[in-house]
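> structure for the following, please:
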Amino acid sequence: MIIPVVLSGGSGSRLWPLSREGFPKQFHDLTGSSASLLQQTLTRLAGVEGLQPPVVVCNEQHRFLVAEQLRDAGITRARILLEPVARNTAPAVAVAALCAQQSAAHALVLVLPADHAISRPADLVAGINDALAAARDGALVTFGIVPTRAETGYGYIRRGEPHAGGGVLYRVAQFVEKPDAERAAGYLASGEYAWNSGMFLFRADVYLEQLGRYEPETLAACRAAWEGAVRDLDFCRLAADPFAAAKNESVDYAVMERTDAAVVKPLDVGWNDIGSWDALMEVLGSDADGNLLQGDVLAREVSGSFIRSESRLVAAVGLSDQIVVETADAVLVADRSRAQEVKQLVADLTASGRSERLLHRRVYRPWGAYESLIESDRFQVKRITVNPGASLSLQMHHHRAEHWIVVTGTARVTRGDEVFMLGEDQSAYIPLGARHRLENPGRIPLELIEVQSGSYLGEDDIVRFEDNYGR
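Numbering: from 1, shown residues only. The predicted model follows:
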């Protein structure tokens, strides 16, 4: 029995402005496959022996995104664990292992980040199957990527003697932090090193035993968080205070660098962690001029550049080795050699309190989505999309009134004691302070224009009386 454990807690800040805290890179289709990175992570596992429904670990903010994307991919019976605070991979894997033990005491867990690209999934499946016997026998298997260049942005694993049973796996001799260029070149030339992928395979009970040996307080905190967890719709909410007491440590630091049970399985699978815009360019390739142009882009005498348009024409002339990424509310311009520094830009946005680090103009909700079209001091215009059969909460606002105009579909409106239907081109007025609810009773998406007016238009001016989504 193999239970995939997908870690979906990252924010992908180096891929800003597309990847944002409220909708990070794992929920985007970055590779043109019509599936998000999260969906690709799970669907590429077909052919792994004894595969069971997955456990996905994410934060509360992303819970409905995860659930919706799993449904879209046809993945059923998944268990979604909600982290109350971010605590790195060691605690996340611990609570997932405790969850896996509900299925079988010696269940194997296959730990996978949600945001990696793999161009040869059949080779990944073969590599996982090669490692099964060692993991069942108690080895802690880490998957190392056969390096193709002297990369300074990844950690490395140095392999030792072949693991018992042949040369398919090797004992781990050393974990190495991100090297400088000279050392990276030496690692590549030696043939003894692999990139550290952050993917693992081991028995749940063995991992928990090893974590308890080296970090007993973290294991105790995770057990308390799991034992205090509560069900919420389709989600499992971990107990907040115990989980917050766990150390903020990676699996590598907490266990793998200290145990004598670590083995490495080298993989050559076309792997990329898409950790920057430059890395995405490597995955997708370039044209004869060395450019990757996406969306509505007009380029003249441009070379070696990545230009992406999300919402309008982007015209460029005379650029060389640049990154230009346009979204509806932000534009990134960076030298390709400094692609990793986008993360620092996001830190600057955070320090200055800018909302562009958090959300796009289009914001997804469990009932659908809304998109800000016009914003001013006393009014705001949004486009609202409500999924078939979905409804917003019964709510009121202290500081704003709302006008709703149906564009397509049918709306059921609750306004005070009234309940009435609206068709296309019909409208309703929701006075300030009135209890109201918007529902879509139809079979097609409901789209409407919402005009808000009032002294304060923030999203926190909502008092909910009833809500289908536990908010």
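> ok, the helix or strand hosting Phe143: who's next to it in the sheet?
Assessed by DSSP states H and E, Phe143 sits inside strand 140-145. Strand 140-145 sits in its sheet next to strand 193-203 (antiparallel), strand 262-267 (parallel), going by DSSP bridges.
> in the next helix-or-strand element following that strand, which residues are buried?
Sequence-wise, the next helix or strand downstream of strand 140-145 (DSSP H and E) is strand 156-162. For strand 156-162, burial by neighbour count (16 or more other Cβ atoms under 10 Å) applies to Tyr156, Ile157, Arg158, Arg159. Every C-beta, even on glycine, is put in place using the N, C-alpha and C of the backbone.
> start to end distance for stretch 110-123?
16 Å (Cα to Cα, to the nearest Å).
> on that earlier part again, in JSON lines: the buried residues of strand 156-162, plus distance to Glu217 and pLDDT.
Shown next, in JSON lines, are those (distance: Cβ to Cβ, whole Å; pLDDT from 0 to 100):
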{"residue": "Tyr156", "distance to Glu217": "29", "pLDDT": "93"}
{"residue": "Ile157", "distance to Glu217": "27", "pLDDT": "94"}
{"residue": "Arg158", "distance to Glu217": "30", "pLDDT": "94"}
{"residue": "Arg159", "distance to Glu217": "32", "pLDDT": "92"}
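> picking that back up, could I get the strands paired with strand 140-145 as TSV with mean pLDDT and mean neighbour count?
Output for the strands paired with strand 140-145, formatted as TSV (pLDDT from 0 to 100; neighbours: other Cβ atoms under 10 Å):
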stretch	mean pLDDT	mean neighbour count
strand 193-203	95	24
strand 262-267	95	24
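> for Val451, find the nearest of those.
Among the strands paired with strand 140-145, strand 193-203 comes nearest to Val451, with 46.5 Å by Cβ to Cβ.
> and Ile374, that one's in a strand?
Yes: using DSSP: H, G, I helix; E, B strand; the rest coil, the assignment for Ile374 is a strand.
> now it: closest residue in space, sequence neighbours ignored.
Val381 (4.2 Å; Cβ to Cβ, 6 or more residues apart in numbering).
> could you list the buried residues of stretch 392-408?
392-397, 400-406.
> partner strands of the helix or strand containing the residue nearest to Ile374, parallel or antiparallel?
Using DSSP H and E, Val381 maps to strand 379-386. Strands that pair with strand 379-386, judged by DSSP bridges, come out as strand 368-375 (antiparallel), strand 446-454 (antiparallel).
> check Gly50 and give its pLDDT.
The per-residue pLDDT reported for Gly50 equals 90.
> same deal with Glu60?
For Glu60, pLDDT reads 87.
> Gln340 now?
89.
> mind checking pLDDT for the residue nearest to it when sequence neighbours are not counted?
Sequence neighbours aside, Ser276 is the residue nearest to Gln340 in space, at 5.6 Å (criterion: Cβ to Cβ, 6+ apart). If you check Ser276, the pLDDT there is 92.
> go on, the one 4 residues further on?
Taken from the predicted model, the pLDDT recorded for Leu280 is 93.
> my guess is it contacts Arg308. True?
No: using Cβ atoms under 8 Å, Leu280 is not in contact with Arg308, being 9.1 Å away.
> which outside residues touch the longest helix seen in the chain?
Using DSSP state H, we find that the single longest helix of the chain is helix 121-136. Contacts to helix 121-136, defined as Cβ atoms under 8 Å, 6 or more residues apart in numbering, come from residues 2, 44-49, 106, 108, 110, 118, 141, 143, 163, 165, 168-169, 201-203, 263, 265, 267-270.
> mind redoing it with 7 Å?
Residues from elsewhere that reach helix 121-136 (Cβ atoms under 7 Å, 6 or more residues apart in numbering): 44-45, 47-49, 108, 110, 118, 141, 143, 163, 165, 168-169, 201-203, 263, 265, 267-269.
> now which of those residues would you call buried?
Buried among the contacts of helix 121-136 (16+ other Cβ under 10 Å): 44-45, 48, 108, 110, 118, 141, 143, 163, 169, 201-203, 263, 265, 267, 269.
> how far away is Ala224 from Ile384?
Plainly put, Ala224 is 41 Å away from Ile384 if you go by Cβ to Cβ, to the nearest Å.
> ignore the last one, Val146
Distance from Val146 to Ile384, by Cβ to Cβ: 49 Å.
> quick one: which of these two has more around it?
Ile384 (23 against 13; other Cβ atoms under 10 Å).
> contacting residues for that one?
Here Ile384 is in contact with Tyr370, Leu448, Glu450 (criterion: Cβ under 7 Å, 6+ apart).
> cool, Glu257 as well?
Phe175.
> so what's Tyr364 closest to, chain neighbours aside?
Tyr364's closest residue in space is Leu65 (Cβ to Cβ, 6+ apart), at 6.2 Å.
> for the helix or strand that contains that neighbour, packing partners?
If you go by DSSP H and E, Leu65 is part of helix 63-72. On a contact count with 3 or more Cβ pairs under 7 Å, 6 or more residues apart in numbering; DSSP states H and E, helix 63-72 meets strand 79-83.
> so which elements touch the next helix-or-strand element following the strand it packs on?
Next helix or strand after strand 79-83 toward the C-terminus (DSSP H and E): helix 89-100. Helix 89-100 is packed against strand 2-7, strand 55-59, strand 79-83, strand 108-113, helix 204-214, helix 216-227, helix 251, with contacts defined by 3+ Cβ pairs under 7 Å, 6+ apart.
> out of these, the one nearest Leu293 is which?
Using Cβ to Cβ, the helices and strands packed on helix 89-100 put strand 108-113 closest to Leu293, at 28.3 Å.
> let me know the average pLDDT across that closest one.
In the prediction, strand 108-113 has an average pLDDT of 96.
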